[in-house]
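1. Quick one: sequence plus predicted model below, questions after.
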Amino acid sequence: MIRLFSALHLGFPLIYVLSTAVVFDIPPSKVAAFVLTPLFLLVTAAALVAGFALREMRRWAWHATLVSCGLIIYCNTILILNYSASHQQAIAFLVSNAVALGIAYQVTRELRVPYLLPRIRWWETNPAFRLDAPVMLTSKDQGGGVRAWEGRIMDFSGRGCFIKMRDLPPEDVSVEVRFTLLGKDYRVSGTVVWTTETGVTHPRGAGVKFDRADRQLRRDLRQLSGKLRELANLGGESQNL
């Protein structure tokens, strides 16, 4: 899903021009005039930045996506008021904005928790179910040695996890993540994308983004994420997995 949103943002100039020309029924001459406006160039720049951030899973990807979607909604408003010749302007406006809001919502669900933002709002998860599994992080230093950190996985998705830790690894370091969940051992390479001190809405820990693994491992991680989500939705007792 995130890869799709990244592609949509990176292809924004062509995708947006073609889709809005059809949906808003904008004449070709007006399309050309709009493409040359500072507003379109600004929205395009914001979309490309968001697409890059989503593709690389930058810590600020969520913020960039919200800015991009907000500018797109504003751009839709300008198109409706000044360029559209559609007889169904209200429907076109609602549909186009619903798409932008849907993307923002899905990115929020996928990225804000667990590993891109250090503000885990516990009331958004089932209070009867807490993921709390031991994990070991290892990383090779420049001298050829191996550094290790222990922690507990508190939140998990197929693309990363949040780990509660006492000793924090440095940001942007490459690590191997070893853990056992639902009776199966996993070894996944990843990158520490942020660390955070203890706060009201989050414990002391680190967010790890999993690197692009082979197809089978990606499938296993997605299936594991789905099973954990099902367990949380069932409202079972809090447990260590």
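-> Okay, I see it.

2. now for whichever strand or helix holds I73, which elements pack on it?
-> Assigned by DSSP states H and E, I73 falls within helix 61-82. If you count contacts as 3 or more Cβ pairs under 8 Å, 6 or more residues apart in numbering; DSSP states H and E, helix 61-82 packs onto helix 2-10, helix 12-23, helix 38-56, helix 89-107. Backbone N, C-alpha and C define where each C-beta goes, glycine included.

3. chain center to the very next helix or strand once past the last one, what's the gap?
-> Remark: after helix 89-107, the chain's next helix or strand is strand 133-140, criterion DSSP H and E. Taking the mean of its C-alpha atoms, strand 133-140 sits 23 Å from the chain's own mean (Cα atoms, centre = their mean, to the nearest Å).

4. so where's the chain uncertain?
-> 1-2, 59, 109-130, 198-202, 233-241 (pLDDT under 70).

5. SS state for the residue of the chain positioned farthest from its centre?
-> Within the chain, the residue lying farthest from the chain centre (Cα atoms, centre = their mean) is S29, at 37.0 Å. What DSSP: H, G, I helix; E, B strand; the rest coil gives for S29 is helix.

6. re earlier: can you say which of the helices and strands packed on helix 61-82 is nearest to T138?
-> When these are compared for distance to T138 using Cβ to Cβ, the nearest one is helix 38-56, at 23.3 Å.

7. Just the residues contacting the closest one, thanks.
-> 2-3, 5-13, 16, 34, 58, 60-61, 64-65, 67-68, 71-72, 74-75, 78, 107, 111 (Cβ atoms under 8 Å, 6 or more residues apart in numbering).

8. Can you say which of those are buried?
-> Burial by neighbour count, 16 or more other Cβ atoms under 10 Å: within the contacts of helix 38-56 this picks out 2, 5-6, 8-10, 12, 16, 34, 58, 61, 64-65, 67-68, 71-72, 75, 107, 111.

9. And the closest residue to N76 other than its chain neighbours, how far from A206?
-> Leaving aside its chain neighbours, N76 sits nearest to S96 (4.9 Å; criterion: Cβ to Cβ, 6 or more residues apart in numbering). Here the criterion is Cβ to Cβ, to the nearest Å. By it, S96 lies 39 Å from A206.

10. same thing with R222?
-> Distance, R222 to A206, by Cβ to Cβ: 22 Å.

11. which of the two has more neighbours?
-> Shown here are R222 and A206; by other Cβ atoms under 10 Å, A206 has more neighbours (26 against 13).

12. Surely the more buried one forms part of a strand?
-> Yes. Assigned with three-state DSSP, A206 falls within a strand.

13. That one: what's it in contact with?
-> G151, F162, I163, M165, L168, P169, V192, W194, T195, T196.

14. List the pairing partners of the helix or strand that contains the second one within its sheet, with orientation.
-> Meaning F162. Using DSSP H and E, the element containing F162 is strand 160-165. Strand pairing for strand 160-165, determined by DSSP bridges: strand 146-157 (antiparallel), strand 205-210 (antiparallel).

15. moving C-terminal of that strand, what's the next helix or strand?
-> Per DSSP H and E, strand 160-165 leads on to strand 174-181 as the next helix or strand towards the C-terminus.
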